[in-house]
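Undergrad: this is a predicted model, with the sequence first.
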Amino acid sequence: EAGSLRGIAATVEVSPHFLLTGFYSNTRRDAAISADTLADPFIASFQKTGLHRTENELFNRKKISERNSGGVLQYKNKAIDAGVMFTETYFETPVSRSPTPYNQFVFSGIKNRNVGLFLNYTLHNLTFFSELSRSLNHGGALTTGILWSVTPKFDLSVLYRKLDRNYYSFYSNAFAQNETGMYWGWKYRFNRKVSAMGYADLFRFPWLRYRNYAPTYGHEWLLRITIQPSRNILIYLQGREELKERNIVDGNLNLFTSYPGKKHSFWILCEYGLRQNLRMRTRAQFSSFQLNAVTTRGIALLQDIQYDLGKVKLTARYAV
């Protein structure tokens, strides 16, 4: 159902509290194959768009075979959900990226194996979750946090993650990239008509990245206020800030230097129904980006209209 896998999976109830799951997939992937006169062919890059529009994209279609297999032994009762995992990804052709300073720790070879543990524990209105994983002979990864309904009106979430620069997992749905960070999220319902939510995220990249020739730091926060005065009217206001460092060239030294790039975006949205089958949505977006004392700004205005005819629904948008 995900990743265009082709295979089989099954779960067996070993006992009332233990489940054993196994899976296997064998499929072909789009990839660019390179070779020189002294070496065997290798995968230089993967083509992940799924599009085959040009001769080159057609030539790279279904170029290599990829096998995925693994299993999970899981224990479940009313409060605890825990288990151990093993996965293996195998490529028939070795992966070898073009060497650059920032990709020294990307995956190379024909096989990647991961082992992991996970634990979820629920106590009343508090849920603790965690997962620890390791790529054999490489790095590890940890995610852990809580989901807490503090009061009937206030929800809180906290997440800590640490992913080593040489940890590899091709099909996991991780919160982040290879980084270390702490996230706080919350939601508060004042009444049936007004609510607010937001989050703050602090993160650090311990190694070089594309357009970053040094370890970097960053943060992100968001605040949204939602107002629904009636069933047919929805209004929300949102502000967001993201800060990530980026390379620029120091004119005096002729060297790359990391500077914080700060992006702000603000949304105002109003959705309302004129009739039972006619809805309108008006949205204004404002953004700015600041890097090395230079600021650029933009604005977008959008008007949507939706008309429901039962079996047919018509939607139109005008945007500036």
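TA: Arrived safely, thanks for sending.
Undergrad: give me the distance between residue 32 and residue 77.
TA: According to CB to CB, to the nearest Å, residue 32 stands 49 Å off from residue 77. Using the backbone N, CA and C atoms, a C-beta is placed for each residue, glycine as well.
Undergrad: looking at these two, which one has more neighbours?
TA: Between residue 32 and residue 77, residue 32 has the larger neighbour count (other CB atoms under 10 Å), namely 16 against 9.
Undergrad: so the more buried one sits right up against residue 48, yeah?
TA: No - counting by CB atoms under 8 Å, residue 32 stays clear of residue 48, with 11.4 Å between them.
Undergrad: quick one: buried residues of the lengthiest strand in the chain?
TA: Taking DSSP state E as the criterion, the chain has its longest strand at strand 255-275. Within strand 255-275, the residues scored as buried using 16 or more other CB atoms under 10 Å are 258, 261, 262, 263, 264, 265, 267, 269, 271.
Undergrad: I'd like those as a markdown table, with pLDDT appended.
TA: Putting those into a markdown table (pLDDT from 0 to 100) gives the following:
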| residue | pLDDT |
| --- | --- |
| 258 | 84 |
| 261 | 93 |
| 262 | 95 |
| 263 | 97 |
| 264 | 97 |
| 265 | 97 |
| 267 | 97 |
| 269 | 97 |
| 271 | 95 |
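Undergrad: what helices or strands is the helix or strand just after the longest strand of the chain leaning on?
TA: Later in the chain than strand 255-275, the nearest helix or strand by DSSP states H and E is strand 278-291. Other helices and strands packing on strand 278-291, by 3 or more CB pairs under 8 Å, 6 or more residues apart in numbering; DSSP states H and E, are strand 255-275, strand 294-308.
Undergrad: select, out of those strands, the one closest to residue 318.
TA: With CB to CB, the closest approach to residue 318 among the helices and strands packed on strand 278-291 belongs to strand 294-308: 4.9 Å.
Undergrad: how about the closest one: buried residues?
TA: Those would be residue 306, for strand 294-308 by 16+ other CB under 10 Å.
Undergrad: which residues touch the following helix or strand past it?
TA: Using DSSP H and E, the next helix or strand after strand 294-308 towards the C-terminus is strand 313-319. Strand 313-319 is touched from outside by 300, 301, 302, 303, 304, 305, 306, 307, with contacts defined as CB atoms under 8 Å, 6 or more residues apart in numbering.
Undergrad: parallel or antiparallel, list what pairs with strand 313-319.
TA: strand 294-308 (antiparallel) (DSSP bridges).
Undergrad: give the rounded mean pLDDT of the strand it pairs with.
TA: The pLDDT scores in strand 294-308 average 96.
Undergrad: got the contact list for it?
TA: 277-289, 313-320.
Undergrad: start to end distance for stretch 50-66?
TA: 16 Å (CA to CA, to the nearest Å).
Undergrad: what mean pLDDT does it have?
TA: pLDDT averaged over stretch 50-66 gives 92.
Undergrad: buried sites along it?
TA: Applying 16+ other CB under 10 Å to stretch 50-66 flags 60, 63, 64, 66 as buried.
Undergrad: then stretch 13-32?
TA: Neighbour count says stretch 13-32 has 23, 24, 25, 29, 30, 31, 32 buried, by 16+ other CB under 10 Å.
Undergrad: may I have that stretch as CSV, with CA atoms only?
TA: What follows is stretch 13-32, C-alpha atoms only, in CSV (Å, rounded to 0.1, in the frame of the first residue of the first chain):
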residue,chain,number,x,y,z
GLU,A,13,-1.5,-14.7,16.7
VAL,A,14,1.1,-16.8,18.6
SER,A,15,-0.7,-16.4,21.9
PRO,A,16,-3.4,-14.1,23.3
HIS,A,17,-0.8,-11.3,23.8
PHE,A,18,1.9,-12.1,21.2
LEU,A,19,1.7,-11.4,17.4
LEU,A,20,4.2,-12.4,14.8
THR,A,21,4.4,-10.5,11.5
GLY,A,22,6.5,-11.3,8.5
PHE,A,23,6.7,-9.6,5.1
TYR,A,24,8.5,-9.9,1.7
SER,A,25,8.6,-7.7,-1.4
ASN,A,26,10.4,-7.9,-4.7
THR,A,27,10.0,-5.0,-7.1
ARG,A,28,11.9,-3.0,-9.7
ARG,A,29,13.0,0.6,-9.2
ASP,A,30,13.8,3.5,-11.5
ALA,A,31,17.5,4.3,-11.2
ALA,A,32,20.5,5.8,-13.1
